[in-house]
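J.: I would like the atomic coordinates for the input below:
(chains A, B and C)
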Amino acid sequence: MWKFSVRRTLIMIPQIFLLSILIFVLAQLMPGDALSGTVDPNVDPERLDEIREQMGWNDPWHEQYARWMGGVLQGDLGQSFRFKMPVTELIGQRIVNSFWLSVATLILTYLIAIPLGITSGRYSDTFRDQLITGYTYVGFATPLFIFALVMLWIFGFQLGWFPTSGSVEPGVEPGTFNYFMSKVYHLLLPALSMALITTYGTIQYLRNEIIDTKQKDFILTARAKGASESRVYNRHIFRNSLLPIAAFFGFEITNLIGGSIFIENIFGYPGMGQLLVESISLRDYTVLTAVTLIFGVASILGALLSDIILSIVDPRIRIK
Amino acid sequence: MENKAEEVKPIKSPSGFSIIWRELVRDKLALISLIFLILIMAFVYGVSLVLDQDEIVTVDLFSIYEPPGEEFILGTDYGGRDVFGQLIIGTRNSLSIAIIVTVLTGIIGVAYGLISGYFGGHIDNIMMRILDFFMILPFTMIVIAFVAIVPKYSITTFSLIMTGFLWMGIARLIRSKALQEKELDYIQASKTLGSSNFKIIFTQLLPNVSSLIIVTMTLNLAANIGLESGLSFLGFGFPESTPSLGTLLSYARNPQTLEFRWWIWVPASIMILLLMLSINNVGQALKRATDARQRRG
Amino acid sequence: MSYLEVKDLKVHFPIKGGVFGRTVAHIKAVDGVNLSIEKGKTYGLVGESGSGKTTTGRAIIGLNNITAGQVIFDGEDITNIRRAKSDARKDVQMIFQDPYSSLNPKKRVMDIISEPLRNFENLSRKEERIRVQELLELVGLSPESILKYPHEFSGGQRQRIGIARAIALKPKLIIADEPVSALDVSVQAQVLNFMKEIQKELDLTYLFISHDLGVIKHMCDEIGIMYKGRYVEEGTAEDIFTNPQHIYTKRLVAAIPDIDPNKREEKRKFREEVKKEYDQSFNDYFDEEGLAYKLQPVSDTHQVALPERG
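T.: As a prediction, this is how the structure comes out:
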């Protein structure tokens, strides 16, 4: 087990390195630099060149890369030249918001997927199963952003059941119970919209897994020994099928990031996904770079986590 | 008797594709979807020959936000542009780019997967590590970042960027199938018969993964329509002068439009859903057809 | 001068392990095999699964990498046959064990049989078609079936297609890897006799690989017996079947079923005796690792793996 974990972690190092190179190249390709947007146009261009020289922007790329990497490792993601504050500070609150949105989405996804997947697998080829399979089929074919728009339109605007933007009611005192409830209230519709669409994969996985398991010899033996049907399912089948699901959440991070970009923009939810799109329209490239880096690292770590957990839970999946 | 061989009339068996086609046509839902798709495509591509794209995207300040009526079947948007015309051109553009991206990712993915799977060993190992890296990156994020910084942004660069981060799925599927196939004796036989690796990959291996390619590419086509419209929705797809279905939906990012002017974004949503569902139906039917063929052995 | 000569052939597969997947050990699938075949003869390679007989055949034709040793065919070194530019690649062909997986299911018979022709000979479409039809007739199949798919044929017919493909280039040596073991017993004899016929007709040399001594007896002039990658005994068919020297060979020969029901009891007793002897004297015939010793000549044609005397 540890051998696999060590090897899998070693694979991650070049991945992170590749990601940093990719983002660094992106940052280099970006039009202009931090000076072009900030300074007074009346400043002498020669003075600008001097500053550029001082800042080391004319150094060879590997030196610049090393300096940038060094900064990142110390938690310095640069200066946002729109908001005139360190990117780390700007990101702080956003990352917390995105984190809770992801947690809520994951919880809802599993709350929906597990009962539906189990029902669908246990009563396969019944009417119930067909309904659930139909739902996964439509879920698979519906783009998240369209579904989210429709949800917002119906429940946010037409019915007015949920707030249509923000992460909390303005003016509510932080730290109070009301503040907490308001946060949850704002999270609910975005998280539900994402969960309802992205859940199809988990449902299908569970269904196939259970249909597979229920024809295995050890289940037939358990039945032949006279174990009741519910005992067979609770003790034997679910345990086998649910563990891998729990491990998949690391892989879900990549999907959650992709989804959050849409969801946060549609629901006006101030998280990282919204910041990403904002930073581009504001041409705030340090922020763009930072957000991309954080998202990328999160995905890589998520995949690492899932791979290691899976190798413990299900040795079949262990790659060499 | 010398020319006997010439006189013999060979008995021709139906090819694999004609069998799949027969199965597909037998599937009612898939057949309806297919007919729908053909009609939509014929209509959209046909009408857009007549329609003048420039005229449709020209701002007309006297007819802003007209609800559907006699003059404009589906009303107008904030620039007074005809939504129906934009819907047709948008569908055409969305379909075209989805097809281009599907074909490009198909070519790259199939070649990558076949080579990785066929050679195996170290080559496979390295190629799969690279693939894993691309797979882990969140697609929307990385495409947005690229779209934002590409200097000369055009439809070509857009499709290339999409392709650059979408070839991995099919590559992985093809690779695992190729890994299985290459162990079979017909591949070994080809080696002993003097065929080069290149020839074996593309004339022996390729036909045996063809049904997988067709199924995957069909399903990818549906997914790519969704991805393109999603990116255009966020403002990182087609420029506004070249409307896509996603461009129409992006007007709904304005809460006023979302709440009060359904005619601008609802038709495009329905079009995307119908396209994706019907292409998926065809894809799933193809999948079943090819499976059934395997069962019959 | 022998037609095909294999000198001290070794095929080792690495075993990977550890965190970095380094090679930690080797499986010695073929470990020092020597054999030589006369032109027009059939040489049988016998052994249980895992004995290295198939790997030997595949190494000769270049499907497995040769770790060490030499393969000489018709006076020419073909150790790296896949890289060789010479006619050797045309002259050495193979018949595969499984007639189901050895024919590409997506190709028509025409394309399957003409694959070698397209690689080596410049024929027009028409010439190619005539050749394929001739080959089909030669192997006893209807020339009308050139546009059929492999799955429309029975196992025996498919193996005939495989043979037609192998002889399309008029090869001189054919490596037949268990060519009948996937077929029904009733069909086996047909295919074997047919192989004998074309051997005479086309002056073929066979390296015949099988686990079935009955089949080998029917086909082969000379026989080599392999165990765990090494030879235990080699000799003419007569040497092996009437005068087996190695205890392993004795057991194999004793295990051949006899059709005469009257001798059944006698046979059973004999088998038990041999088994007893095998268990008792195993250590005399194999070294500490359970591998065979070096071959020692018993007669001009007959060699046995025995510990060196003294």
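J.: C-alpha from now on. contacts and neighbour counts both.
T.: Fine.
J.: State the number of residues packed around C:Lys200.
T.: 12 (other C-alpha atoms under 10 Å in any protein chain shown).
J.: where's it, which helix or strand?
T.: helix C:185-202 (DSSP states H and E).
J.: Just the buried residues of the helix or strand hosting C:Glu115, please?
T.: Assessed by DSSP H and E, C:Glu115 sits inside helix C:109-120. Residues of helix C:109-120 classed as buried: C:Val109, C:Met110, C:Asp111, C:Ile112, C:Ile113, C:Ser114, C:Glu115, C:Pro116, C:Leu117, C:Arg118 (neighbour count, 16 or more other C-alpha atoms under 10 Å in any protein chain shown).
J.: any idea which helix or strand comes after the helix holding C:Lys200?
T.: Going down the chain from helix C:185-202, the next helix or strand is strand C:205-210, by DSSP H and E.
J.: ok so, going back, check the offset of the helix holding C:Lys200 from the chain's centre.
T.: 15 Å (C-alpha atoms, centre = their mean, to the nearest Å).
J.: Check stretch A:107-123 too.
T.: Centroid separation for stretch A:107-123 versus its chain: 21 Å, with C-alpha atoms, centre = their mean.
J.: do stretch C:205-224 as well
T.: 8 Å.
J.: can you tell me if it touches chain B.
T.: No - looking at stretch C:205-224 against chain B by C-alpha under 8 Å from any C-alpha of the partner chain, there are no contacts, and the closest approach is 14.9 Å.
J.: mean confidence score for that stretch?
T.: The average pLDDT within stretch C:205-224 is 90.
J.: Repeat that for stretch C:2-19.
T.: 82.
J.: Which parts of that stretch count as buried, going by neighbours?
T.: Quick answer for stretch C:2-19 (16+ other C-alpha under 10 Å): C:Tyr3, C:Leu4, C:Glu5, C:Val6, C:Lys7, C:Leu9, C:Lys10, C:Val11, C:His12, C:Phe13.
J.: And stretch A:129-139, by the same measure?
T.: Buried residues in stretch A:129-139, counting neighbours by 16+ other C-alpha under 10 Å, are found at A:Asp129, A:Ile132, A:Thr133, A:Tyr135, A:Thr136, A:Tyr137, A:Val138, A:Gly139.
J.: Point me to the helix or strand that includes the last one.
T.: This points to A:Gly139. helix A:127-141.
J.: which residues in chain C form helices?
T.: Applying DSSP state H to chain C gives helices spanning C:53-61, C:88-91, C:109-120, C:125-138, C:155-167, C:185-202, C:213-219, C:237-242, C:247-254, C:264-285.
J.: I'd like these as TSV, with distance to A:Tyr123 appended.
T.: As requested, the helices of chain C are exported to TSV (distance: least, C-alpha to C-alpha, whole Å):
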stretch	distance to A:Tyr123
helix C:53-61	49
helix C:88-91	59
helix C:109-120	46
helix C:125-138	54
helix C:155-167	41
helix C:185-202	46
helix C:213-219	53
helix C:237-242	63
helix C:247-254	55
helix C:264-285	56
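J.: Give me the residues contacting the helix holding C:Lys200.
T.: With contact meaning C-alpha atoms under 8 Å, 6 or more residues apart in numbering or on different chains, helix C:185-202 is reached by C:Gly40, C:Val139, C:Gly156, C:Arg160, C:Lys170, C:Val180, C:Ser181, C:Leu204, C:Thr205, C:Met219.
J.: Can you tell me which of these has the most neighbours?
T.: Within those, C:Val180 tops the neighbour count with 26 neighbours, counted by other C-alpha under 10 Å.
J.: Hmm, it is touching C:Phe96, no?
T.: No - counting by C-alpha atoms under 8 Å, C:Val180 sits too far from C:Phe96 to count as a contact (9.1 Å).
J.: What average pLDDT does the helix holding C:Lys200 get?
T.: Helix C:185-202 comes out with an average pLDDT of 88.
J.: and it, which residues are buried?
T.: Here helix C:185-202 shows C:Gln188, C:Val191, C:Phe194, C:Met195, C:Gln199 as buried, counting by 16+ other C-alpha under 10 Å.
J.: One more: stretch C:74-82?
T.: Buried residues in stretch C:74-82 (16+ other C-alpha under 10 Å): C:Asp74, C:Asp77, C:Ile78, C:Thr79, C:Asn80, C:Ile81, C:Arg82.
J.: give me the subset of these touching chain B.
T.: Subset of those in contact with chain B: C:Arg82, counting by C-alpha under 8 Å from any C-alpha.
J.: Can you give me the separation between C:Ile95 and C:Ile167?
T.: 9 Å (C-alpha to C-alpha, to the nearest Å).
J.: And for B:Arg172?
T.: Counting by C-alpha to C-alpha, the gap from B:Arg172 to C:Ile167 is 38 Å.
J.: And for B:Leu206?
T.: B:Leu206 is 26 Å from C:Ile167, by C-alpha to C-alpha.
J.: out of these two, which sits in the more crowded spot?
T.: Applying other C-alpha under 10 Å to B:Leu206 and C:Ile167 shows that C:Ile167 carries more neighbours, namely 26 against 19.
J.: Next up, the contacts around residue 78.
T.: Because you didn't say which chain, this covers chain A. By C-alpha under 8 Å, 6+ apart, the residues touching A:Gly78 are A:Gly71, A:Pro86, A:Val87, A:Thr88, A:Thr286.
J.: Chain C, not that one
T.: Neighbours of C:Ile78 in contact, by C-alpha under 8 Å, 6+ apart: C:Gln70, C:Val71, C:Ile72, C:Ala84, C:Ala88.
J.: Please work out how many residues are found near the residue nearest to C:Glu115 when sequence neighbours are not counted.
T.: Of all residues not flanking C:Glu115 in the chain, B:Leu193 sits nearest, at 7.2 Å (C-alpha to C-alpha, 6 or more residues apart in numbering or on different chains). B:Leu193 has 25 neighbours, counted by other C-alpha under 10 Å.
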